[in-house]
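*Asks:* Got a predicted structure here, sequence first:
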Amino acid sequence: METTRVDICYRPLRIGWAICAGDSDAFRQAVQMSYALWGGRFNPIVIVDYEDEADRLIDLFRVDLVFPIGDSETVKKFPKRFPYLINPFFSEPLFVGRADERKHAQVLDIHNALVHFRDTPQWKTIKDKGVRIYEWQADDALADVFLVQFGGYPSTKEVGIDYVGMVVEAAEATESAIEPDAAIPSDTLDHPTIAYLSRLGLERHYSVQAGWDWPGFFVGDATNLDDLVCHWNLRASDIPLWFVDPDRITRYTDVIPAWEKLMRETIAHRHEWKRHVAIWSRRENIKEVRGLFGDGQLTFCSLSIHSWNGHNLRPPMMHFDQVSTLGVSGHESGKPKVSFALNDKPFCGDVWFHTQHLIASISFIGGLYGDEHYTLHPPFIPDLNEFYARTMHFRPDRLRIESERVGLVIDAADSDAFLYVLPVADLIERVFDLAGFSAKLSRSGLIIRQLIAQLGGLYGADVFRIPGVRRLLKTHGPMTAFTKRGALQLIGAKDPENPDAKFEDPFGRKLEANSVFSGLVEKGLYRIGRELTCPNCRMASWISLDAVKQQVICELCGHEYDATRQLVNGEWHYRRSGVLGTERNAQGAIPVALTLQQLRANRHGLHQDIYSPSLDLTPKEGTGLPKCEIDFVWMIARPYPQKTVIILGECKDQGFVKLQEFEKDIDHLRRVADAFPPKCFETFVLIAKLSPFSSGEIECAKTLNDKYRSRAILLTARELEPHFMYQRTKAEFKIEEYASTPEDMAAATVTIYFKEQPSVTG
């Protein structure tokens, strides 16, 4: 048994409430249900009539479940737009139980929070501040604003649980009324409320970097549902905001200066450029309300559908706490598996709460080192939730992929959990399925995979950086025997096509041809033997060291003869072995293995990258995509909001390539790259060639780029042989020698091949 460190962040399920435009009752129900749930204030509300914005919000908030509210068929059908967000509950209602018994929430609720914090110093502090439950008249123009700001619970009749009674009993809360048309008292900011209790104990997790998050005020119309929903979603993004209606500004006389003062104190520790109070609004002329907020420095944030694109606003992952435990690695039914305890729970795990669900957000440190066929770090592709769940767990509804993490749906009383390790081949297959292809490892891919395994992994392929090693492989085919002397001459000789290349390792240290050749033999690329001539048929044959004897039977004519004198006077001969010795077409595997090795070397330690050698791609019926083969695919799992990167590779050995064939390869690669959904993927096309590119090839590759996107990457032996990709190239062009991202490589390609660039002199 091996162990691996498992980091667990417990977090609430994030529910996306789906409502219809103009349905204020559904909005109020969504707000009340949210406040009944622990962490529910971070649940977004989406208006299904605005399809584009609704889709953006579901993606932006990375919701775990879409829950419709209302009787409209449009609302009821909306969750079907997201088939990868499978309801993890046995029954659809959030509150379950028979009519004659107390009901239970299926999601972690405020009852759990009250029990968990009951005897803690933190709870005593909250009680000392005086928890208040605010009330107001239903016909108050600011009633919905108060519901969002102060909070409220669904009725006991509606959900079967008396949440108000719980809070009054546990917190000794008092009820306070807000009179119609009266100014909002500034002391409302001094007391914990229902809205405050919903976020109790929750903090931002570092896995999602903050976007726009200036606290302050939201300016809108208190009777406009779109404004109310927008305000709610900003607060669900963990941005503290007070809703201000300019038409009722007299009611904010006391609360505006008090809230602004509180917000400035809250952000005093931030960097100077983020130390501003903000005015948020959907209005076009937002600065017209400047006079309502005093003379302090303000930031104006104008909102539109584009604000929810993931580049501006970025809701954080809110979590209770992070704990570490040791996972035990083993096998079950032939599949690698990691089991771990769900300990140190920052919530109440009593059996009473077994119906309440939450997410155990998991990341792994250690384990699987050197195993490139499995991964514990799947890329953030929510569309593959069900595939991840079926492959890594067993229930298709119990897993949510997260940014650099795996979210496992658990119930509060669970004591342990497990995940199967994800096979890379299965992941690659499903990723290409999203692009409209059936992907299968090709014959060439099998050869490359076996070659890499024979070398001990991709880092072992660095031996192919040496031109003399590639020359040795090309000079002597699978059935040709040669002497060590001849091998050393080929390995150590100057490269006639690159006379400036030095015989050194990637780090600049001088190499010894003898040690290089010994390494090739040690890794099994060559076998030791003798070439013996039969006195009967006069033909020479190679015999491996393991089979050499003084009395030899000729494998060509069957004659037995004494080989003693030949063994005494001769020298050892070597011949290819392993996949290079059995496959006549294995030479094409060398540039692929070399390119993959260079990618691994230049991205070492940066990300959990995944790759596959050569694949046969068969398009799905009706897609119009080409049937083709690609030499490799390299996948980079990036943190949200960045997309998963796909690098499609084509590798050429030295020698002449017909331009028509090159153009055909580029066309196929372009069409495959364009087939990947841009919502989830960013694609690049890498063409590696062990000889220089012709002008026609460069012009053809240039067509992969457009005005707003550079995705073509061209590499030659000049970039593939040194340790740092552009270590030699920088002597000719104004570029850095390091390139750890595909964007770096694509930019370098533009500089080297696609635009006029004066050479570096001196």
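*Replies:* Arrived safely, thanks for sending. Residues are numbered from 1 along each chain as shown.
*Asks:* tell me the contacts of Phe676?
*Replies:* By C-beta atoms under 8 Å, 6 or more residues apart in numbering, the contact set of Phe676 is 434-435, 646, 683. Where C-beta positions appear, they are placed from N, C-alpha and C, glycine not excepted.
*Asks:* Relative to the helix or strand harbouring Gly16, what are the paired strands and their orientations?
*Replies:* Assigned by DSSP states H and E, Gly16 falls within strand 15-19. Next to strand 15-19 in the sheet, as set by DSSP bridges, lie strand 45-47 (parallel), strand 65-68 (parallel).
*Asks:* Let me see the mean pLDDT of that strand.
*Replies:* Averaged over strand 15-19, pLDDT sits at 98.
*Asks:* Run through who's touching that strand.
*Replies:* 26-27, 30, 33-34, 37, 40, 43-48, 54, 57-58, 61, 63-70, 75, 78-79, 107, 229.
*Asks:* Quick check: bridge partners of Pro68?
*Replies:* Ala18.
*Asks:* Am I right that it is in contact with Thr74?
*Replies:* No: look at Pro68 against Thr74 with C-beta atoms under 8 Å: they stay out of range, at 9.0 Å.
*Asks:* all strands for the stretch 151-300 of the chain, in order.
*Replies:* 174-178, 203-204, 216-219, 241-244, 277-281, 298-302 (DSSP state E, counting those that start in this stretch).
*Asks:* Tell me which of those strands sits nearest to Leu419.
*Replies:* Minimum separation from Leu419 across these (C-beta to C-beta) falls at strand 203-204, 24.8 Å.
*Asks:* Parallel or antiparallel, which strands does the closest one pair with?
*Replies:* In the sheet, strand 203-204 lines up with strand 318-319 (antiparallel) (DSSP bridges).
*Asks:* Please tell me how far the partner strand is from the chain's geometric centre.
*Replies:* 18 Å (C-alpha atoms, centre = their mean, to the nearest Å).
*Asks:* returning to what we had before: just say which of the strands paired with strand 15-19 is most tucked in.
*Replies:* Sort these by mean neighbour count, taking mean count of other C-beta atoms under 10 Å, and strand 45-47 sits at the top with a mean of 24.
*Asks:* what's the following helix or strand after that one?
*Replies:* With DSSP H and E, the next secondary element past strand 45-47 is helix 51-60.
*Asks:* what packs against that next one?
*Replies:* Contacting helix 51-60 under the criterion 3 or more C-beta pairs under 8 Å, 6 or more residues apart in numbering; DSSP states H and E are the following elements: strand 15-19, strand 45-47.
*Asks:* Could you export those strands to CSV, including columns for distance to Thr120?
*Replies:* As requested, the helices and strands packed on helix 51-60 are arranged in CSV below (distance: least, C-beta to C-beta, whole Å):
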stretch, distance to Thr120
strand 15-19, 27
strand 45-47, 32
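*Asks:* Tell me which of those strands sits nearest to Gln450.
*Replies:* Between those, strand 15-19 lies closest to Gln450; by C-beta to C-beta that is 46.9 Å.
*Asks:* The closest one to helix 51-60, inter-axis angle?
*Replies:* 170 degrees (axes from the mean of the first three to the mean of the last three C-alpha atoms, to 10 degrees).
*Asks:* Excluding its own residues, what touches the next helix or strand after strand 15-19? List them.
*Replies:* Remark: after strand 15-19, the chain's next helix or strand is helix 24-36, criterion DSSP H and E. Helix 24-36 has contacts (C-beta under 8 Å, 6+ apart) with 15, 17, 19-20, 40-41, 43, 45, 69-70, 75, 94, 105, 109-110, 144, 147-148, 151-154, 159, 161, 163, 194-195, 197-198, 225, 228-229, 232.
*Asks:* where does this protein have its least confident helix or strand?
*Replies:* helix 578-582 (a mean of 78; mean pLDDT, DSSP states H and E).
*Asks:* and that one, C-alpha only, in PDB?
*Replies:* What follows is helix 578-582 as a C-alpha-only set of coordinates in PDB (Å, rounded to 0.1, in the frame of the first residue of the first chain):
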ATOM      1  CA  GLY A 578      12.800  -3.800 -28.600                       C
ATOM      2  CA  VAL A 579      10.300  -1.900 -30.700                       C
ATOM      3  CA  LEU A 580      13.100  -0.300 -32.800                       C
ATOM      4  CA  GLY A 581      14.300  -3.800 -33.700                       C
ATOM      5  CA  THR A 582      11.000  -5.300 -34.700                       C
END
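*Asks:* Could you give the average pLDDT over the helix or strand following that helix?
*Replies:* Scanning forward in sequence from helix 578-582 by DSSP H and E, the next helix or strand is helix 589-602. Throughout helix 589-602, pLDDT has a mean value of 94.
*Asks:* contacting residues around Gln450?
*Replies:* So Gln450 contacts 578-579 (C-beta under 8 Å, 6+ apart).
*Asks:* Same question for the helix or strand encompassing it: list its buried residues.
*Replies:* In the assignment (DSSP H and E), Gln450 maps to helix 443-454. Neighbour counts using 16 or more other C-beta atoms under 10 Å place 444-445, 447-452, 454 of helix 443-454 among the buried residues.
*Asks:* ok so, going back, just so I know, which of the strands of the stretch 151-300 of the chain lies nearest Thr618?
*Replies:* Nearest to Thr618, of the strands of the stretch 151-300 of the chain and by C-beta to C-beta, is strand 203-204 at 44.7 Å.
*Asks:* how distant is the closest one from the center of its chain?
*Replies:* 20 Å.
*Asks:* ok, now stretch 327-339?
*Replies:* On C-alpha atoms, centre = their mean, the centre of stretch 327-339 falls 23 Å from the chain's centre.
*Asks:* buried sites along that stretch?
*Replies:* Buried-residue list, stretch 327-339, by 16+ other C-beta under 10 Å: 327, 329, 336-338.
*Asks:* Could you verify my assumption that Leu473 touches Pro591?
*Replies:* No: Leu473 lies out of contact with Pro591 (C-beta under 8 Å); the separation is 11.3 Å.
*Asks:* More neighbours: which of these two?
*Replies:* Pro591 (24 against 21; other C-beta atoms under 10 Å).
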